[in-house]
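Visitor: Here's a sequence, model it:
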Amino acid sequence: MKGRVMLSLAGTLLGLGALPVVITNSWGQSSGAPQVQQVAYKVVDGDKVDNNTLLGWKTWRALACERCHGAKQEGLVGPSLIDAFKTLDKNEFHRTVFGGRVDKGMPDFSSSSMMQKNWENLYAYLKGRSDGKIKPGDLQAIDTK
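Guide: Residues are numbered from 1 along each chain as shown. The predicted model follows:
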């Protein structure tokens with residue numbers, strides 16, 4: 001029973017995608033499960049971001065995601081991504097953008113070369129917004145003078 005509780009708790013934490021987690025058995029031995037890595041984004045003053053996160057924001061803008069999710073990602077006809085990214089992990093995000101949820105109005109972006117190149121950057125941007133670290137609105141590179 002103790003092992004099941006630990007596995008359930010570890011599974012919950014893995015689903016959150018926020019903390020590095022190693023699943024261990026009741027004897028403290030690692031199960032060999034991969035660690036969950038934190039999303040890499042850098043932010044200064046809320047509107048200056050690293051180059052990859054900036055590419056994620058540019059992808060957001062170019063693909064006009066705000067038409068459904070709102071300019072501040074708080075939802076419109078599509079759901080709030082601020083709320084969704086509290087629990088959405090990279091794998092589920094990937095499945096959603098490359099498979100869509102057509103029954104709910106979410107298009108499949110698998111044919112978009114921009115999305116193919118920048119989906120992880122977009123995830124980082126949206127995670128930064130959800131974490132409250134990146135402000136809504138226009139962004140610029142950290143190293144811009």
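Visitor: Quick check: G100 touching S112?
Guide: No - in this structure G100 lies outside contact range of S112 using C-beta atoms under 8 Å: 11.3 Å. To be clear about C-beta, it is placed using only N, CA and C from the backbone, and glycine gets the same treatment.
Visitor: Okay, now the unreliable bits of the protein?
Guide: 1-38, 144-145 (pLDDT under 70).
Visitor: List the residues that contact the residue most central in space within it.
Guide: Nearest to the geometric centre of the chain sits Y123, at 3.7 Å (C-alpha atoms, centre = their mean). Neighbour list for Y123: 39, 56, 90, 93-94 [criterion: C-beta atoms under 8 Å, 6 or more residues apart in numbering].
Visitor: Drop anything exposed from these.
Guide: Burial of these was assessed by neighbour count (16 or more other C-beta atoms under 10 Å); the buried members are 39, 56, 90, 93.
Visitor: ok, which pair from those is furthest apart?
Guide: Greatest spacing in these, by C-beta to C-beta: G56 and K90 (12.3 Å).
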